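Trainee: My questions concern the predicted model and sequence given below.
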Amino acid sequence: MCGIVGYVGKKPVVSILVDGLSKLEYRGYDSAGIAVFKDSCIEVHKAQGKLQNLRDLLAENNACELAATLGVGHIRWATHGIPNTINAHPHRSNCERIALVHNGIIENYKELKEFLIDKGCVFASETDTEVIAHLISYEYDKSNDFLTAVREAVKQL
Ligand code: GLU
């Protein structure tokens, strides 16, 4: 079992995400991560093990000072790929314009991964989740519309 926290608002998002994740810790997890959106860029921080490891990483990178006010956080319970930092969420598309977190299992991820590799996507992790980021990006290239891209990707999952 794992958990997801998201925030869109006016307050600095990093501490809101970490506080939210701390409330989900009781569910059990093996790694934690956040993605925040600032100045048209997505910044991702993730760490294996306890949430404190992510807190330490954020402190080292002065990430708590970020003025970002939009973001998502995740604690992972690995199903596909070992518990490590690379497999921790969020996962990104190759051009890093999409980052996402996910709970559960993508049952047809192998077929989708083969299809996406054939289209030139390079996978960083062993997770089933990463196919979603590449698939939305692939669909975005076709429609140039984010909502359409998400809808078309979800149909295939
Ligand atoms: N299947 C995904 C993974 O292994 C998500 C696991 C979860 O629900 O935390 O990364």
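Mentor: Perfect, I can see it now. Numbering: from 1, shown residues only.
Trainee: so how far is the ligand from residue 65?
Mentor: Noted for residue 65: a distance of 28 Å to the ligand, by Cβ to the nearest ligand atom, to the nearest Å. Placement of C-beta: from N, CA and C, glycine included.
Trainee: same deal with residue 94?
Mentor: Distance from residue 94 to the ligand, by Cβ to the nearest ligand atom: 18 Å.
Trainee: Also residue 59?
Mentor: For residue 59, the distance to the ligand equals 24 Å [Cβ to the nearest ligand atom].
Trainee: What distance do you get for that residue to residue 32?
Mentor: Separation of residue 59 from residue 32 (Cβ to Cβ, to the nearest Å) stands at 14 Å.
Trainee: neighbour-wise, which of these two wins?
Mentor: residue 32 (31 against 11; other Cβ atoms under 10 Å).
Trainee: pretty sure that one contacts residue 72?
Mentor: No - using Cβ atoms under 8 Å, residue 32 is not in contact with residue 72, being 11.9 Å away.
Trainee: Do a quick rundown of the strands in the protein.
Mentor: 3-8, 31-38, 41-48, 70-76, 91-92, 99-100 (DSSP state E).
Trainee: Specify the stretch among the ones you listed that is closest to residue 124.
Mentor: With respect to residue 124, and counting by Cβ to Cβ, the nearest of the strands of the chain is strand 91-92 at 7.5 Å.
Trainee: Switch the strands of the chain over to TSV; also include distance to the ligand.
Mentor: Below are the strands of the chain laid out as TSV (distance: least, Cβ to the nearest ligand atom, whole Å):
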stretch	distance to the ligand
strand 3-8	8
strand 31-38	9
strand 41-48	11
strand 70-76	4
strand 91-92	8
strand 99-100	11
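Trainee: Now do the end-to-end distance for stretch 44-53.
Mentor: One end of stretch 44-53 to the other measures 14 Å (Cα to Cα, to the nearest Å).
Trainee: pLDDT averaged over it - what is it?
Mentor: For stretch 44-53, the mean pLDDT works out to 98.
Trainee: Any idea how far it is from the middle of the chain?
Mentor: Stretch 44-53 has its C-alpha centroid displaced from the chain centroid by 13 Å (Cα atoms, centre = their mean, to the nearest Å).
Trainee: All set now, cheers.
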